[in-house]
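Student: what would the 3D arrangement of this be:
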Amino acid sequence: MQALFGPGGNGDWFYREGMKSTLQAPEWVAAKGLDAFEYEAGNGITGGEATLRAIGEKARENGVRMSFHTPYFISLSGVEEEKRLKSVDYIQKSLWAADLLGADTIVIHSGSAAKITREEAMRLSCDTLEKVAAAVGDHPCAKLGIETMGKVNQLGTLHEVLEQCKVAPIYAPVVDFGHLNARALGGAFPDADSYRRVFDTIATALGDEFAVHLHCHFSKIEYTAAGEKKHLTFADETYGPQFEPLAEAIVRENVAPRIICESAGTQAEDALFMKQTYLAARGESEKQGT
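Tutor: Modelled structure (predicted):
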C-alpha cells in the first residue's frame, strides 16, 4: 500500500520535451516515475469518445491511475434551479468521460456562497447532490469527489465537504491542502500533526476507507484576506503549505492517498519531488522500525 503521485494536466516540462497531445501523457508520466494523472476539463469536455478511450488505454498500458476534473461551471449551489439541473447533466457527462478514460474519481467543486448564506448554499448543494445520486444510481463508474476550496466565499471547508459527502455513498472528499491553507491564511498546516488531523477527521466522519485512499490536490497557493489568489510553484518561499510534514503524516498514519499536483506549470516536477520526499520518509521510518 503506497501513496501515488502525479500532475494535474500537462505542464511546461511535458511541452519542453516536445510532447503535443494528452494522448502522450500517460507514457510520459510513467517514464518520469510518476503513478497518476488528472485529466483537466475545467473549461469543458472537449475530447471526443475515440480520443478519451485512447488516453485511457495508454494509461492502463503504463500503469497510470487516472482521475478527471469536471468543468468549473458546474454549480452545486446555484440559486437558479435550471443551472443546478444543468449541473446534474454536466456531472453525468463527466462520468461518461471518466469511464472512457478509466478514471476512478471525478473532482467536483463544492459550490459558491458568495450571494447567499452558507446555510442556504449548503441546502442547495445537498439538494443538487441528491438529484445527481438519483440520476447516476448506486454504482457509477467513478467516485464523485467533492473538493475543498480556497476562497472564503466558496463552500469547501473540510466540514462542509464531509457534510456534502454524507448525502450518498457515491461521494468522497477530495482534499486540496493548498486550498485549505489559503482559506486559513497560511495557518492550516504548521506541522505533521495538523495534516494527520485531516485524515483522522475524515475517518471519524465517513469511515477509515475514505481516509486511507483519500484523493488529494497539493500546491503552494498565494492568498489574500479573501483566500486563494493564484497557484504557485514549489520554488516559492513565501506561501505554503510545505509538503515535508504531509509526507511524515502519510507515513505515520499508514495511509495511501493519491496526490495530484496543481503547481503553476511545474506540476510534474513538483509531483516527482513529493514522491521522492515521501519515499525517503517511508524508508527512514522502516529503517527505524516505526
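Student: switch to C-alpha atoms for all contacts and neighbour counts from now on
Tutor: Fine.
Student: state the mean pLDDT of the helix or strand where residue 268 lies.
Tutor: According to DSSP states H and E, residue 268 maps onto helix 267-288. If you average the pLDDT over helix 267-288, you get 95.
Student: who touches it?
Tutor: For helix 267-288, the surrounding residues in contact (C-alpha atoms under 8 Å, 6 or more residues apart in numbering) are 4-11, 13, 29, 32-34, 233-234, 243-244, 247-248, 251, 259-261, 263.
Student: and stretch 70-80, by the same measure?
Tutor: Contacts of stretch 70-80 (C-alpha under 8 Å, 6+ apart): 40-45, 83-84, 86-87, 90-91, 94, 106-113, 121-126, 128-129.
Student: what subset of those residues is buried?
Tutor: Neighbour counting over the contacts of stretch 70-80 (16 or more other C-alpha atoms under 10 Å) leaves 40-41, 45, 83-84, 87, 90-91, 94, 106-113, 121-122, 124-126, 128-129 as the buried ones.
Student: who's in contact with residue 106?
Tutor: 67-70, 94-95, 98, 142-145.
Student: so what's residue 26 closest to, chain neighbours aside?
Tutor: Nearest residue to residue 26 in three dimensions, chain neighbours excluded: residue 59, at 5.0 Å (C-alpha to C-alpha, 6 or more residues apart in numbering).
Student: where along this protein do the helices fall?
Tutor: Assigned by DSSP state H, the chain shows helices spanning 12-16, 25-31, 49-62, 81-101, 118-136, 158-165, 177-183, 192-206, 208-212, 244-253, 267-288.
Student: redo the ones you listed as TSV? Include distance to residue 226.
Tutor: Formatted as TSV, the helices of the chain follow (distance: least, C-alpha to C-alpha, whole Å):
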stretch	distance to residue 226
helix 12-16	29
helix 25-31	35
helix 49-62	37
helix 81-101	25
helix 118-136	15
helix 158-165	17
helix 177-183	7
helix 192-206	22
helix 208-212	28
helix 244-253	25
helix 267-288	25
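Student: residue 144 - how many residues pack around it?
Tutor: Using other C-alpha atoms under 10 Å, the number of residues around residue 144 comes to 28.
Student: now it. Nearest residue, chain neighbours left out?
Tutor: Per C-alpha to C-alpha, 6+ apart, closest to residue 144 is residue 171, 4.8 Å.
Student: same deal with residue 154?
Tutor: Nearest non-adjacent residue to residue 154, counting by C-alpha to C-alpha, 6+ apart: residue 112, 4.3 Å away.
Student: who are the contact partners of the nearest residue to residue 180 once chain neighbours are set aside?
Tutor: Leaving aside its sequence neighbours, residue 180 sits nearest to residue 150 (C-alpha to C-alpha, 6+ apart; 5.9 Å). By C-alpha under 8 Å, 6+ apart, the contact list for residue 150 reads 156, 178-183, 227-228.
Student: where does this protein have low pLDDT?
Tutor: Applying pLDDT under 70 to the chain flags residues 290.
Student: against residue 44, how distant is the closest residue to residue 43 other than its chain neighbours?
Tutor: By the measure of C-alpha to C-alpha, 6+ apart, the closest residue to residue 43 outside its immediate chain neighbours is residue 71, 5.5 Å from it. Counting by C-alpha to C-alpha, to the nearest Å, the separation of residue 71 from residue 44 is 5 Å.
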